[in-house]
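Undergrad: Got a sequence here, can you build the structure:
(one chain, ligands or ions: 2)
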Amino acid sequence: MTDKLIIFDTTLRDGEQSPGASMTRDEKVRIARQLERLKVDVIEAGFAASSNGDFECIKAIAEIVKDSTICSLARANDRDISRAAEALKPAASGRLHLFLATSALHMEKKLRMTPDQVFEQAKTAVRFARNLMGDIEFSPEDGYRSDPDFLCRVIEAVIAEGATTINVPDTVGYAIPELYGNFIKNLRERVPNSDKAIWSVHCHNDLGMAVANSLAGVKIGGARQVECTINGLGERAGNCSLEEVVMAVKTRKDYFNLDLRIDTHQILAASRLVSQTTGFVVQPNKAVVGANAFAHASGIHQDGVLKARDTYEIMRAEDVGWSANKIVLGKLSGRNAFKQRLLELGVAMESEADINNAFAKFKDLADRKSEIFDEDILALVSDENASHGSDPYSFVSLSQHSETGERPQASVVFTVNGKEVRGESDGNGPVDASLKAIETHVKSGAEMVLYSVNAISGSTESQGEVTVRLQNSGRVVNGTGADPDIVVASAKAYLSALNKLQSKADRVAAQG
Ligand code: KIV
Ligand code: ZN
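TA: Ligands and ions are numbered 1, 2, ... in the order given. Now for the predicted structure:
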């Protein structure tokens, strides 16, 4: 008999709390759809009470995604819980995720509450939530640094009130695998009604052990839900990475003996979508989804893999979505072939008009670049999806001149609320001149905190994908842009970041 391991993805909530990773409603819906294709069991779509924007995102996702449970985070108070329940109304299957800190440090310094007050509030909140929904998760925030006696008391009480999942967060990433596994095991053994709930792990990666800790929570502690994010996205050093935890459990089924619902073939598409949407580049040597994860450079390894794959490969690249044949389309490919490739890559376009737009851009790119790779298509689609009719700024064209010994000049044409303007400037280099040219009109006052260029498919023929991170009045946003000309890609990324700066609403943080 095998047990099932529930995969709870929190890319859209905990992942989005990473500075600069904030996403628009459309971006979140697109990622949620991909998570559904990946067959994630639970999607934490946001924190409804934190902002109207988050509320609307959760509602939109609950309306569209029907094959995964949709969850909203809520602080343990009536207002947050009602707001979350309201956002989840359209969901086919909804979950309320309540949290309240239980460590002495958090209770005293952050909440300024006594343990007895926290105990009462946790109970009352779960009772209130249970009247609104059947699926209730409770997280004692900073659980791993909480006093086990107090934690047992709180957990027993919230299960008695109807909590169906108990999540034990290592909020600050302080745990060590064996200790965390035993911590969960001990709680499960001591709480008298522990068998009435599913136990869950939620680990942050501050010491680089989020995946190891989560797996120990499963193996030693008996947890049957793992909370994780695509690419390990999240505040500080991030969360437990979904792709790593899933492939560990799949590849070592001999050890874990657990079933997963996940369709692993969708992992790479999910990783790329999240990376391109947030501008958080995946390191080449990242397990499972890094560009080098399946590359064998040494002669001995290459020779071994050619003779028998399993000499050096423990997983098949195709099983996580890497296609064997990477050159996919060219100048002569038609609309049907393009549409088919989008389907294979798991990209859903809203309408035939969107496909036509993307196809026109594909043709334009194919005229300039002889071989089109999957990465090019994903970048193109992500560019296409990132721009909205309602965005104030949109790129039109660019010209620039640079010559050794002379200061580069750039002229950029873009639209501001539909009206075309031209900005001109010089700069330290062509990119600097182009972005300064945009600023002659926009005058955003934003500070650039990150600029990075990545060759999408690895050669000088490749498209450049640029990420720009801007900060203004305490708000941080990322913009991305792709083009074979990296100066154009930079201008697109800059305008995309300016659009996000304009649209981002203030939010309440879920945790410190
Ligand atoms: O890390 C944490 O404690 C959290 C909770 C809100 C579950 O993200
Ligand atoms: Zn967290």
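Undergrad: What parts of the stretch 151-300 of the chain come near ligand 1?
TA: The stretch 151-300 of the chain comes close to ligand 1 at residues 169, 171, 202, 204, as judged by Cβ under 6 Å from any ligand atom. (C-beta placed from N, C-alpha, C; glycine too.)
Undergrad: Could you identify which of those has the most neighbours?
TA: residue 202 (29 neighbours; other Cβ atoms under 10 Å).
Undergrad: and whichever residue of the stretch 201-350 of the chain sits closest to ligand 1, helix, strand or coil?
TA: Proximity of the stretch 201-350 of the chain to ligand 1 (Cβ to the nearest ligand atom) peaks at residue 202, 5.3 Å away. Following DSSP: H, G, I helix; E, B strand; the rest coil, we place residue 202 in the strand state.
Undergrad: Quick check: beta-bridge partners of it?
TA: Counting by DSSP bridges, residue 202 is bridged to residue 169, residue 227.
Undergrad: what's near enough to touch it?
TA: 10, 139, 167, 168, 169, 170, 171, 227, 239, 240 (Cβ atoms under 8 Å, 6 or more residues apart in numbering).
Undergrad: Quick check: the gap between it and residue 14.
TA: 8 Å (Cβ to Cβ, to the nearest Å).
Undergrad: Need the overlap of contacts for these two.
TA: The contact sets of residue 202 and residue 14 overlap at 227, 239 (Cβ under 8 Å, 6+ apart).
Undergrad: quick one: residue 84 and residue 46 touch, right?
TA: No - using Cβ atoms under 8 Å, residue 84 is not in contact with residue 46; the gap is 9.1 Å.
Undergrad: Show me the common contact partners of those two, please.
TA: Joint contacts of residue 84 and residue 46 (Cβ under 8 Å, 6+ apart) are 58, 72, 73.
Undergrad: Domain-wise, how is this protein divided?
TA: The chain is divided into the following domains under automatic domain parsing: 3-278, 294-320, 327-377, 393-502.
Undergrad: Residue numbers of this protein in contact with ligand 1?
TA: Neighbours of ligand 1 within the chain, by Cβ under 6 Å from any ligand atom: 14, 99, 139, 141, 169, 171, 202, 204, 510, 511.
Undergrad: Pretty sure the second one sits against residue 143.
TA: Okay, so that is residue 99. No - look at residue 99 against residue 143 with Cβ under 8 Å: they stay out of range, at 9.5 Å.
Undergrad: Sketch out the strands for the stretch 151-300 of the chain, chain order is fine.
TA: For the stretch 151-300 of the chain, the strands defined by DSSP state E, counting those that start in this stretch occupy 165-170, 198-203, 225-228, 258-259.
Undergrad: What segments of the stretch 401-512 of the chain are helices?
TA: Here the stretch 401-512 of the chain has its helices, by DSSP state H, counting those that start in this stretch, at 430-442, 486-503.
Undergrad: for the stretch 251-400 of the chain, what spans make up the helices?
TA: Assigned by DSSP H, counting those that start in this stretch, the stretch 251-400 of the chain shows helices spanning 253-256, 267-278, 299-307, 335-344, 352-368, 374-386.
Undergrad: Nothing else from me, thank you.
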